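> How does the following fold in three dimensions:
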Amino acid sequence: MRKAILITVRCLDSVAVAALLAMMLTTTTDVVLRKLVNQPVTGATELVELALGIAFFFAAPGVFARGANITVDMIDEWLPAWRKPLKRVAAVLAIATLTLLTWHMWKPMLDIISYGDTSADLQIPKIWFMAPAWFGIAVSLLIAVYVLLAGEVVPAREDPALAGLPRGSIT
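Predicted coordinates:
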């Protein structure tokens, strides 16, 4: 199971990076064309919006797998014995939130499919904007449940994608 999570996270991280690169390329091309020939890229805003959603929501499962969520260590220093129970409570709250998001996004996704909504400029079906978000949240939920039950995260030093980072920068 652990190896499957590592492979899944690595694949999703790769797609997220590709989406970030596409977003930067689209924005740069749009700005350059607008400045040089007064002809912006048609639908650049929609493409950047789509790429941003993919980048953010496909990177989220890796955050949960690595335990790289943003935390504030105020109580940890005063009451170190509470560290593990607090992490478990935070994990349960994260799972509850991800469950609610996954559940509540399902019906609007079906509505978007049945209505056939599309974007204004490029006529991209709106489901392509919402499906990556739902998928990323659902995979994050599964990984968060695994981490809670297994009691482990993927240490940064075992993930080749994070090998160049200084030790302790992820935890």
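
> Wasn't L122 part of a helix?
No. Judged by DSSP: H, G, I helix; E, B strand; the rest coil, L122 forms no part of a helix; its state is coil.

> ok now do it, which residues does it touch?
Going by Cβ atoms under 8 Å, 6 or more residues apart in numbering, L122 touches 42-43, 46-47. Heads up, the C-betas are built off the backbone N, CA and C, glycines and all.

> Among these, name the buried ones.
Burial by neighbour count, 16 or more other Cβ atoms under 10 Å: within those this picks out 43, 46-47.

> Relative to I127, how far out is V145?
Remark: distance between V145 and I127 (Cβ to Cβ, to the nearest Å) = 26 Å.

> For the closest residue to L98 other than its chain neighbours, pull up the helix or strand it's in.
Nearest residue to L98 in three dimensions, chain neighbours excluded: L141, at 4.0 Å (Cβ to Cβ, 6 or more residues apart in numbering). Taking DSSP states H and E as the definition, L141 sits inside helix 127-150.

> pLDDT of that helix, averaged?
Mean pLDDT, helix 127-150: 96.

> got a pLDDT number for I70?
For I70, pLDDT reads 85.

> do the same with the one 4 residues further on
With respect to pLDDT, M74 has a value of 81.

> Number of residues surrounding it?
Burial of M74 is recorded as 8 neighbouring residues (other Cβ atoms under 10 Å).

> go on, S140?
S140 has 26 nearby residues by other Cβ under 10 Å.

> pretty sure it is touching T97, no?
No. Shown here, S140 and T97 do not form a contact pair, counting by Cβ atoms under 8 Å, at 9.9 Å.

> Could you tell me the angle between the lengthiest helix in the chain and helix 127-150?
Longest helix in the chain by number of residues (criterion: DSSP state H): helix 2-37. Going by axes from the mean of the first three to the mean of the last three Cα atoms, to 10 degrees, helix 2-37 is angled at 150 degrees with respect to helix 127-150.

> what separates the helix or strand that helix 2-37 is followed by from the chain centre, distance-wise?
Going down the chain from helix 2-37, the next helix or strand is helix 44-66, by DSSP H and E. In terms of Cα atoms, centre = their mean, to the nearest Å, the centre of helix 44-66 is found 5 Å from the chain centre.
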